[in-house]
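1. Just to be clear, the model below is a prediction. Sequence and coordinates:
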Number of protein chains: 2
Amino acid sequence: MLALTILGNNSALPSNGRNPTAQVLQTQSTAYLVDCGEGTQQQIAKYKIRTSKISHIFISHLHGDHYFGLIGLLTSMGLLGRTADLHLFAAPALEKIIQLQLEAADTELPYPLYFHPIVQEGVICNDGKITVESFAVNHRITCWGFLFKEIKNPRKIDPERVKSFEVPAAYYEQLQKGSDYKTRKGDIILNDQLTVAATPPKSYAFCADTKFHPALATKIKEVDLLYHESTYLKDLEQRAEARYHSTAEQAAKIALLAGAKKLLIGHFSSKYENLTGFLEEAKTLFEQTEIAREGVCFKI
Amino acid sequence: MLALTILGNNSALPSNGRNPTAQVLQTQSTAYLVDCGEGTQQQIAKYKIRTSKISHIFISHLHGDHYFGLIGLLTSMGLLGRTADLHLFAAPALEKIIQLQLEAADTELPYPLYFHPIVQEGVICNDGKITVESFAVNHRITCWGFLFKEIKNPRKIDPERVKSFEVPAAYYEQLQKGSDYKTRKGDIILNDQLTVAATPPKSYAFCADTKFHPALATKIKEVDLLYHESTYLKDLEQRAEARYHSTAEQAAKIALLAGAKKLLIGHFSSKYENLTGFLEEAKTLFEQTEIAREGVCFKI
């Protein structure tokens, strides 16, 4: 199971009590931070995310509202005594920016920070529990979307059945992978008589910031949860286009085209104090839409 | 008159609801920002400081809790349509850090940002209303204190008196500067018969971060308001020394040595949830002490 906590849902400026983009995707053991606008470390504390659980950070692009909180988080992790590896995925230019800031402070991080420059589409991370694919979205500067997929879970051994067929424990790992069992007599016991299906692997796609770009849908087909930016409402579609952003309706169109099971919308312009118009607009096309409200944890 | 609003008073990490260092010193027309930890733009909004009033920013040193909010503030000022000049005073290394971040975002600020590297002690700013002197404090990396002084206010013309002595209006500016008036007959009318004293110019000294350094006192003699860091209480004096920080008692000693009229203490370690111990400790030596509480505006 995956769970997504929203830490910030505003665009550009922090305003109306809303913070710039940041989200945490969690499995039982690990947390993956996606974008890290200014104030993310305060939001992480507010919503009781354990920073020690964060093993990977993914930055979509180098506009400040998506990463100005990163250097503060990295140094705070150091001050809190972190020693565990941290993997950072972002545009190549970020490495030098971090390095200069550490040098200026005469500081070395007390934990290994592995910088992984994102330079093309494809699988950029596989930690044995999930894979993460980068895909290009359509923004003013290079910007990456991220598709998180749980790795197929092993099938579960049915203890009664393996006992009744006298399967030695040494075969269990093969059974979990889906193999059938051949008895000493040469009989074949089909796998589904010995195991039960695991929870189906879940998926999450993060698409920010981008103008309306229908080709995106092919990259995130049938995703369980889709986050798509919706900076403006439909009446400002031209402004959205000019600024490489999307409207709520356009986000819903992408969800429809992709066959997503559920849509989250966020990255709201500071000009909107109230967000209900976004929900109404998206729902006319795609009923399973929710506002990416800060502090809310969406189970996938 | 000067007024100082505290935006952040915590050291290192944001914690206990306290933010990293930032303060705004205001005259009637202008605001001077001193340090700019992460989240300063949110604090500025919370306490209703008008960013358009900020004409000068002074950064004491390049530890993150004193400047990680700067790039966000600078870019937000641009997004809000600022066109007025902005003057930034800081260690030379900051210029490149800002430049790299603007380049990575493919952004140009829509207003002139003048970067003034601080490389020595002395007057670094004189805008006609105040002067600002930098002075070295004693920290792990180069760190500057700042002494703000109102420029001597012009004397006020007494309208009854100038009328009775038939002083032509052309002489008023000289009178305001303190000159006597010579009548056509050659009589001397002393200045204090024609003008009244202006409000005495006020001064403010900002000392952070620093270990106990008595020589500081000579640089801020008889300042009206002294802000001095006090990261720890006296029982952790050795830790303070090792980390180039001060205790509340040491801050009070500097206030005494300087003959300051009032002391503000701040930059509290995250380990202290409650701050009353700081006030008690400082007051045993220097009664006119206050905690630099966030959101409070101290009139000078």
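-> Cool, got the structure. Computed from a predicted model, the values in this text were never measured in an experiment. Numbering: from 1, shown residues only, chains lettered A, B, ... in the order given.
2. ok, the helix or strand A:L33 falls within near chain B or not?
-> In this structure, A:L33 is located in strand A:31-36 according to DSSP states H and E. No: judged by Cβ under 8 Å from any Cβ of the partner chain, strand A:31-36 stays clear of chain B, getting no closer than 11.0 Å. In this view, the C-beta of every residue, glycine as well, is placed from N, C-alpha and C.
3. Show me what the helix or strand just after that strand is packed up against.
-> Next in sequence after strand A:31-36, counting helices and strands by DSSP H and E, comes helix A:40-46. Secondary-structure packing of helix A:40-46 (3 or more Cβ pairs under 8 Å, 6 or more residues apart in numbering or on different chains; DSSP states H and E): strand A:3-8, strand A:22-26, helix A:70-79.
4. What degree of burial does A:F115 show, as a neighbour count?
-> Neighbours of A:F115 under the rule other Cβ atoms under 10 Å in any protein chain shown: 15.
5. so what's it bridging to?
-> For A:F115, the beta-bridge partners are A:L88 (DSSP bridges).
6. tally of neighbours for the one residue in the stretch 151-300 of chain A that gets nearest to chain B?
-> With Cβ to the nearest Cβ as the measure, A:S270 is the residue of the stretch 151-300 of chain A nearest to chain B, at 8.5 Å. By other Cβ under 10 Å, the residues close to A:S270 number 17.
7. One more: A:L79?
-> By the criterion of other Cβ under 10 Å, A:L79 has 16 neighbours.
8. dump the residue contacts of it.
-> Residues counted as contacts of A:L79 (Cβ atoms under 8 Å, 6 or more residues apart in numbering or on different chains) are B:A12, B:L13.
9. burial measure for the residue in the stretch 101-250 of chain A that chain B sits nearest to, as a count.
-> Proximity of the stretch 101-250 of chain A to chain B (Cβ to the nearest Cβ) peaks at A:A104, 4.0 Å away. Number of residues near A:A104 (other Cβ under 10 Å) recorded here: 22.
10. related to what we said a few turns ago, in the sheet, which strands lie alongside the strand holding A:L33, parallel or antiparallel?
-> strand A:22-26 (antiparallel), strand A:54-58 (parallel).
11. Report the beta-bridge partners for A:Y204.
-> Bridge pairing for A:Y204 - DSSP bridges - gives A:F148, A:L225.
12. can you pull the contacts of it?
-> Taking Cβ under 8 Å, 6+ apart as the test, what A:Y204 contacts is A:L2, A:L4, A:L25, A:L147, A:F148, A:V223, A:D224, A:L225, A:L226, A:Y227, A:I300.
13. Let me know the helix or strand that A:A217 is in.
-> Per DSSP H and E: helix A:216-219 holds A:A217.
14. where's the residue nearest to A:L4 when sequence neighbours are not counted relative to B:I49, distance?
-> Leaving aside its chain neighbours, A:L4 sits nearest to A:F298 (4.7 Å; criterion: Cβ to Cβ, 6 or more residues apart in numbering or on different chains). Relative to B:I49, A:F298 is positioned 36 Å away (Cβ to Cβ, to the nearest Å).
15. ditto for A:Q26
-> In terms of Cβ to Cβ, A:Q26 sits 37 Å off from B:I49.
16. what's the residue of chain A most remote from its centre sitting at in phi/psi?
-> Relative to the centre of chain A, the most outlying C-alpha is that of A:K185, 49.1 Å out, by Cα atoms, centre = their mean. Backbone torsions for A:K185, taken as degrees, to the nearest 10, come to phi -80, psi -10.
17. Next up, the contacts around A:Y272.
-> A:N16, A:L233, A:F278.
18. Mind jotting down where the helices sit in the stretch 151-300 of chain A?
-> A:159-164, A:172-176, A:216-219, A:237-242, A:248-258, A:276-283 (DSSP state H, counting those that start in this stretch).
19. Write out the residues of chain A neighbouring chain B.
-> So far as Cβ under 8 Å from any Cβ goes, chain A lies against chain B at A:12-15, A:38-39, A:41-42, A:45, A:62-64, A:68-69, A:71-72, A:75-76, A:79-80, A:91, A:93-94, A:96-97, A:100-101, A:103-107, A:140-141.
20. Now a PyMOL select for only the buried ones of those residues.
-> To isolate in PyMOL the members of the residues of chain A next to chain B that are buried, counting by 16 or more other Cβ atoms under 10 Å in any protein chain shown, one can use:
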select buried, chain A and resi 12+13+14+15+38+39+41+42+45+62+63+64+68+69+71+72+75+76+79+91+93+94+97+100+101+104+105+107+140
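21. Quick check: chain neighbours aside, which residue is closest to A:Y114?
-> Leaving out its chain neighbours, the residue that sits closest to A:Y114 by Cβ to Cβ, 6+ apart is A:H87, at 4.9 Å.
22. That neighbour contacts A:I57, correct?
-> Yes: the criterion here is Cβ atoms under 8 Å, and A:H87 meets it with A:I57 at 7.2 Å.
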